[in-house]
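**Q** next input, structure requested:
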Amino acid sequence: MSSFLLEIVTPEHVVYSKEVDSLTVRGLEGELGILRGHIPLVTPLQVAPVVAKTGKETTTIAVHGGFIEVQSDKVIVLAESAELPEEIDLERAIAARERAERRLAARSNQDRVDHRRAELALQRAVTRINVSSDNRHKQ
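**A** As a prediction, this is how the structure comes out:
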């Protein structure tokens, strides 16, 4: 299997830059699998884990929105924020999930902007928890 360079970049720094064999992301239209030589494209990403595979090694990165640009031999993820599993504070993510769930449950007292912010906070928290939990199970 041929590899390609995967770069995950936030406004603050490069989170991940390695050769990978395959990549799975969640775009607005659903899950997308990418191999070397994939047709070039640019598409927005959902708040969801990005899964990079190299040989038998799998790396899951929490990506919180942004865009992906696919070139024939390189993929760039321009993310609002992104975290490797070891960077995630699991207890903080669980507390954030609980706060977001409480805000969503009290929806009748909120406007649409607050509701959307709570939904996004919940998505980010769940993504962090899933990425962190997946990593803990591998160890």
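
**Q** which of the helices or strands spans Pro11?
**A** Pro11 belongs to no helix or strand when elements are defined using DSSP states H and E.

**Q** please state the backbone phi and psi of it?
**A** Taking degrees, to the nearest 10, you get phi -60, psi -20 for the backbone angles of Pro11.

**Q** so how far is Thr59 from it?
**A** According to Cβ to Cβ, to the nearest Å, Pro11 and Thr59 sit 22 Å apart. To be clear about C-beta, it is placed using only N, CA and C from the backbone, and glycine gets the same treatment.

**Q** for Leu84, same thing?
**A** 8 Å.

**Q** which neighbours do those two have in common?
**A** Residues touching both Leu84 and Thr59 (Cβ atoms under 8 Å, 6 or more residues apart in numbering) are Tyr16.

**Q** okay, those two: which has more neighbours?
**A** More crowded of Leu84 and Thr59, by other Cβ atoms under 10 Å: Thr59, with 20 against 16.

**Q** contacting residues for the more buried one?
**A** Thr59 sits next to 16, 18, 20, 51-53, 84 when contact means Cβ under 8 Å, 6+ apart.

**Q** repeat that with 6 Å
**A** For Thr59, the contact set (Cβ atoms under 6 Å, 6 or more residues apart in numbering) comprises Ala52.

**Q** how about the one 10 residues further on?
**A** Contact criterion Cβ under 6 Å, 6+ apart gives 42, 76 as the residues in contact with Glu69.

**Q** so how far is Glu83 from it?
**A** Per Cβ to Cβ, Glu69 is found 20 Å from Glu83.
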